[in-house]
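Undergrad: Need a 3D model of the sequence below.
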Amino acid sequence: MAPHTIPPMPRSSSPRPVPLPRTWSFGAAEIIGVLVANAVLILAMWLRHGGLDQLTTLGGQLTASGQLAGLYGTYLALIQLVLMSRSPWLDQAFGMDGLAKAHRWLGFATVWLLLAHVVFITTGYALGDGSNVVIEFWTLITTYPYVLMALVSGGLFAMVAISSVRAARRRLSYETWYGLHLYAYLAIALGFLHQLFVGADFIHDPVAVGYWVALYIVTVALVLIFRVAHPIWLSSRHQLRVARIVTEAPGVISIYVTGRELDQLAVRSGQYFVWRFLTRDGWWRAHPFSISSAPNGSWLRITIKELGDWSKALKHVSVGTRIFVEGPYGVLTGARRTRPKVLFIAGGIGITPLRALLEALPAKTGDLTLLYRVRNHDDIVFRDELETLARERGARIHYLLGRRDAEVDPLGASELDRLVPDIVERDVYLCGPVPMMRQVEASLERLGVSSAQVHAERFAY
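TA: The predicted model follows:
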């Protein structure tokens, strides 16, 4: 489609049907059950190898604790990779927000377990040998094979964990943070060699070796399939390109994307892709952006607020630039809907997925209400589109203007109850800055809105 054929009101007059993403029959409970079963199996193998026999002395007890800490630290590291493999059934079961939170806390737990592994093993060996702990540690890293490699692995895990601390994340660009996290793959590879050739569970038990090798193979396969193979297949099939760039508001642009067989691209309103624009300095930068218009089988649109050098540079991307995508991801979709009536609450650029949902969700007159929080009139994105949709669909829109530190909180419980008296009877779709979302979730809880009715998507790394 040539750029000039995209209509001013970005909706297809005769949209072609778009397939929905596949749904999976098993959910969070089944996945957690598999993870717990493997944790129990790891303990059973340790017991089978005589783990309890070490508990007769203090040195043996510390050594046993170190062995278990090492086994479970390694297991949690593998779970972390699986959680962030972007597997579709994990996304469906937990949402990327839930996966990211679990990944972050498991990362800290992994580092503490691996540190405990080093401390307990070294101290236990020192007590058993009657030597000094420092001397024992030096002996281990200089004379035992693969121990120095394991130490480097632990250091890499610690670096990744430190970069995930909130204070550190505020200081790091997305690209730097993402690059540091790639070292987790190297850390796991180094740790695997240490575990395979030195681990007490491996030396004399081919069953244990086979089990752990299988865990590593499954983990690597999931990462390669969903982080590498599927995005390559998807991008090759649809051959996405930039078709047009439009300024929506000060510092906000929309990028229209065309390609092949977009009527076969399975995506829901409210979902997002991870986008790479294949320019000289942009091909290695990957960022999540929601589609900001309902899928119509002809083109996609994303809308971006200028928050950094890279996002500012996107307005200068040439028409025809190739795009590499991963996805679609996200659970902020109609599939989570539980009530006929829906309230959308958007903050700033968080309007993008909600604008697509406002267009796409089936509804009767009066079922849809949008609260849009912005600083002033100039910051309203899609105003003409939103008001056209509101007229056509019988929806209501309230623009909540003002600074965040306003005397009256327009998203407080009393104001929400005033603007939407039947709020407890509605599903609530929420997207915006993380502090605003936390504030709204607290207000909804005070009003008695069930957490099952609240559907949110966060894009903070």
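
Undergrad: Strands of the stretch 201-350 of the chain, residue ranges please.
TA: 241-249, 252-258, 272-277, 287-290, 300-305, 323-329, 341-347 (DSSP state E, counting those that start in this stretch).

Undergrad: Also the stretch 351-461 of the chain?
TA: Taking DSSP E, counting those that start in this stretch to define them, one finds strands in the stretch 351-461 of the chain at 368-374, 396-401, 426-431, 454-456.

Undergrad: could you dump these to a markdown table with mean pLDDT and distance to residue 86?
TA: From N, CA and C alone the C-beta is placed, and that goes for glycine too. Shown next, in a markdown table, are the strands of the stretch 351-461 of the chain (pLDDT from 0 to 100; distance: least, CB to CB, whole Å):
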| stretch | mean pLDDT | distance to residue 86 |
| --- | --- | --- |
| strand 368-374 | 96 | 30 |
| strand 396-401 | 95 | 34 |
| strand 426-431 | 96 | 20 |
| strand 454-456 | 93 | 19 |
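
Undergrad: which stretch among those comes nearest residue 282?
TA: Each of the strands of the stretch 351-461 of the chain has some distance to residue 282 by CB to CB; the shortest is strand 426-431, at 25.0 Å.

Undergrad: which residues sit against the closest one?
TA: Here strand 426-431 makes contact (CB atoms under 8 Å, 6 or more residues apart in numbering) with 270, 290, 332, 336-339, 341-347, 350-354, 357, 369, 420, 437, 440-441, 444, 449, 453-457.

Undergrad: Go again with 7 Å.
TA: 332, 337-339, 341-346, 350, 353-354, 357, 437, 440, 444, 449, 453-457 (CB atoms under 7 Å, 6 or more residues apart in numbering).

Undergrad: Please indicate which of those residues are buried?
TA: Neighbour counting with 16 or more other CB atoms under 10 Å marks 332, 337, 341-346, 350, 353-354, 357, 437, 440, 444, 449, 453-457 as buried within those.

Undergrad: In stretch 30-48, which residues are buried?
TA: Using 16+ other CB under 10 Å as the test for burial, stretch 30-48 gives 31, 42, 45-46.

Undergrad: out of these, who's nearest residue 94?
TA: Closest to residue 94, out of all of the buried residues of stretch 30-48 and judged by CB to CB, is residue 31, at 8.0 Å.

Undergrad: on that earlier part again, can I get the buried residues of stretch 30-48 in CSV including pLDDT, secondary structure and distance to residue 286?
TA: Output for these, formatted as CSV (pLDDT from 0 to 100; DSSP: H, G, I helix; E, B strand; the rest coil; distance: CB to CB, whole Å):
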residue, pLDDT, secondary structure, distance to residue 286
31, 89, helix, 25
42, 92, helix, 34
45, 89, helix, 38
46, 89, helix, 39
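
Undergrad: State the distance from residue 89 to residue 230.
TA: Applying CB to CB, to the nearest Å, the value for residue 89 to residue 230 is 13 Å.

Undergrad: for the chain, what's the longest helix?
TA: helix 88-129 (DSSP state H).

Undergrad: quick check, distance from that one to the centre of its chain.
TA: Distance of helix 88-129 from its chain centroid, counting by CA atoms, centre = their mean, to the nearest Å, is 18 Å.

Undergrad: Between strand 323-329 and it, find me the angle.
TA: 90 degrees (axes from the mean of the first three to the mean of the last three CA atoms, to 10 degrees).

Undergrad: Show me what the next helix or strand after helix 88-129 is packed against.
TA: Next helix or strand after helix 88-129 toward the C-terminus (DSSP states H and E): helix 133-143. Here helix 133-143 touches helix 88-129, helix 147-163, going by 3 or more CB pairs under 7 Å, 6 or more residues apart in numbering; DSSP states H and E.

Undergrad: Next, the contact list for residue 237, please.
TA: residue 261.

Undergrad: Distance of residue 254 relative to residue 277?
TA: Applying CB to CB to residue 254 and residue 277 gives a distance of 14 Å.

Undergrad: Nearest to residue 226, out of the helices and strands packed on helix 133-143?
TA: Going by CB to CB, the one of the helices and strands packed on helix 133-143 nearest residue 226 is helix 88-129, 7.4 Å.

Undergrad: Which neighbouring elements make contact with that closest one?
TA: Using 3+ CB pairs under 7 Å, 6+ apart, helix 88-129 sits against helix 28-48, helix 58-83, helix 133-143, helix 147-163.

Undergrad: Looking at the ones you listed, which is nearest to residue 171?
TA: helix 147-163 (9.6 Å).

Undergrad: can you pull the buried residues of that closest one?
TA: 147, 149-151, 153-154, 156-161, 163.

Undergrad: Near the nearest residue to residue 287 once chain neighbours are set aside, how many other residues are there?
TA: Sequence neighbours aside, residue 275 is the residue nearest to residue 287 in space, at 6.1 Å (criterion: CB to CB, 6 or more residues apart in numbering). Other residues lying near residue 275 total 22 when counted by other CB atoms under 10 Å.

Undergrad: Just the pLDDT for residue 275.
TA: Listed pLDDT for residue 275 reads 94.

Undergrad: Same check on residue 4?
TA: You'll see residue 4 listed with a pLDDT of 35.

Undergrad: where are the low-confidence patches of the stretch 151-300 of the chain?
TA: 164, 166-170, 173-175, 177-178, 192-193, 195-203 (pLDDT under 70).

Undergrad: And the helices in it?
TA: 166-171, 174-181, 183-198, 206-224, 230-238 (DSSP state H, counting those that start in this stretch).

Undergrad: between these, which one is nearest to residue 21?
TA: The nearest among the helices of the stretch 151-300 of the chain, by CB to CB, is helix 230-238 at 12.0 Å.

Undergrad: Could you check the angle that closest one makes with strand 323-329?
TA: In terms of direction (the same axes, to 10 degrees), helix 230-238 departs from strand 323-329 by 120 degrees.

Undergrad: from the chain's centre, how far out does helix 230-238 sit?
TA: 20 Å.

Undergrad: Alpha carbons of it, as CSV, please.
TA: The C-alpha coordinates for helix 230-238 follow below in CSV (Å, rounded to 0.1, in the frame of the first residue of the first chain):
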residue,chain,number,x,y,z
HIS,A,230,9.8,-17.8,15.3
PRO,A,231,10.7,-14.0,14.9
ILE,A,232,12.8,-14.9,11.8
TRP,A,233,9.9,-16.9,10.3
LEU,A,234,7.4,-14.2,11.2
SER,A,235,9.4,-11.3,9.8
SER,A,236,10.3,-13.3,6.6
ARG,A,237,6.7,-14.2,6.0
HIS,A,238,5.2,-10.8,6.4
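
Undergrad: Buried residues, that helix. List them.
TA: Applying 16+ other CB under 10 Å to helix 230-238 flags 230-231, 234-235, 238 as buried.

Undergrad: Include distance to residue 413 when you put these into JSON lines, please.
TA: Below are the buried residues of helix 230-238 laid out as JSON lines (distance: CB to CB, whole Å):
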{"residue": "230", "distance to residue 413": "43"}
{"residue": "231", "distance to residue 413": "42"}
{"residue": "234", "distance to residue 413": "43"}
{"residue": "235", "distance to residue 413": "45"}
{"residue": "238", "distance to residue 413": "44"}
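
Undergrad: which ones are touching the residue nearest to residue 417 when sequence neighbours are not counted?
TA: Closest residue to residue 417 apart from its sequence neighbours, by CB to CB, 6+ apart: residue 447 at 5.9 Å. By CB under 7 Å, 6+ apart, residue 447 lies in contact with 413, 416-417, 423-424.
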